[in-house]
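> coords please:
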Amino acid sequence: MARAGLDGWGTQQSLTQRGAQSMKKKSTKEIFAETLLALSRSTPIEKITVKQIVEGSGLSLQTFYNHFRDKNDLVRWIHRSEGERALARLEGKRYRFHDLTMDNVRFYSQNANYLRNSMGGGLLNPYAEFSAESAISFLTSYICSRRSLERLPKQIEFFLRMFVYACLHAFADWALGDASLTEEELAAYLEDGMPEKLKPYLLD
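Sure thing, here's the model as predicted:
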């Protein structure tokens, strides 16, 4: 998911008060994305309307539809763009899978209300699936690029899908109630729980 701009954006009013000056630094799509993410910290995503997103962004309804077909299209864009950024970081020599895991743990720790309101219907709701499928897509691209593969072996694809969905469930359980683990411990447990045959593809 996108991280920038979430802190202190808990309501539509606080979004508007940030003013045009800060908004100018972001693209139109980023403004709509951050508005949706801010609203989702207090309201289940399925109950957020395009009208609320537009009003919170300070932009027009026509501008929204110039960029997105509907709210779900915006959600997909958020996950797709975050996946592209994560892939770019992973391809750098100083950013490892462990760093990616820690970034995700910190994000869910800091935005537990967003997680609660995006997964209120459980792992099978469409917004949780957007998140999981986006992660699977960019990790598949990363592995194929790293290994010069046209596609993943079927067994590795199976393990990757299983691992990503398990991680999402673990993030939710931890951020929404299991405070007994530190961020570092959770990241270590997730990596230790990775299927052995998948580890050579993701861990250094």
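> from the chain's centroid, how far away is the helix or strand hosting Cys167?
Assigned by DSSP states H and E, Cys167 falls within helix 154-175. Put simply, helix 154-175 sits 14 Å off its chain's centre (C-alpha atoms, centre = their mean, to the nearest Å).
> got a list of contacts for that helix?
Defining contact as C-beta atoms under 8 Å, 6 or more residues apart in numbering, one finds that helix 154-175 is touched by 104-105, 108-109, 111-112, 115, 119, 123, 128, 131-132, 135-136, 139-140, 143, 151-152, 181, 186, 189-190, 193-195, 197-198, 201. Where you see a C-beta, it was placed from the backbone N, CA and C, and this is true even at glycine.
> report the buried members of these.
Buried residues within the contacts of helix 154-175, defined by neighbour count using 16 or more other C-beta atoms under 10 Å: 104-105, 108-109, 111-112, 115, 119, 128, 131-132, 135-136, 139-140, 143, 152, 186, 190, 194, 198, 201.
> I'd say Leu152 and Tyr142 touch.
No: with contacts defined as C-beta atoms under 8 Å, Leu152 does not count as touching Tyr142, sitting 10.7 Å away.
> what sits against Leu152?
Here Leu152 is in contact with Thr140, Ile143, Cys144, Leu160 (criterion: C-beta under 8 Å, 6+ apart).
> redo those as a markdown table? Include secondary structure and pLDDT.
Below are the contacts of Leu152 laid out as a markdown table (DSSP: H, G, I helix; E, B strand; the rest coil; pLDDT from 0 to 100):
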| residue | secondary structure | pLDDT |
| --- | --- | --- |
| Thr140 | helix | 94 |
| Ile143 | helix | 92 |
| Cys144 | helix | 93 |
| Leu160 | helix | 97 |
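> show me which of those residues is closest to Asp70.
In terms of C-beta to C-beta, no member of the contacts of Leu152 lies closer to Asp70 than Thr140, at 26.3 Å.
> just the element for the nearest residue to that closest one once chain neighbours are set aside, please.
Spatial nearest neighbour of Thr140, chain neighbours left out: Leu152 (5.9 Å); criterion: C-beta to C-beta, 6 or more residues apart in numbering. Per DSSP H and E, Leu152 falls between elements, in no helix or strand.
> return the set of buried residues in the helix holding Cys167.
For helix 154-175, burial by neighbour count (16+ other C-beta under 10 Å) applies to 156, 159-161, 163-168, 170-172, 174-175.
> what's the answer for stretch 98-105, then?
Of all the residues in stretch 98-105, those buried under the rule 16+ other C-beta under 10 Å are His98, Leu100, Thr101, Met102, Asn104, Val105.
> same check on stretch 76-90?
By 16+ other C-beta under 10 Å, the buried positions in stretch 76-90 come out as Arg76, Trp77, Ile78, His79, Ser81, Glu82, Gly83, Ala86, Leu87, Leu90.
> below-threshold pLDDT in the chain: ranges please.
Along the chain, segments meeting pLDDT under 70 span 1-24, 93, 114-125, 178-179, 204.
> domain assignment for it?
In terms of domains, the chain is parsed into 12-67, 79-202 (source: automatic domain parsing).
> what separates the longest one from the chain centre, distance-wise?
Relative to the chain's own centre, domain 79-202 is displaced by 9 Å; criterion: C-alpha atoms, centre = their mean.
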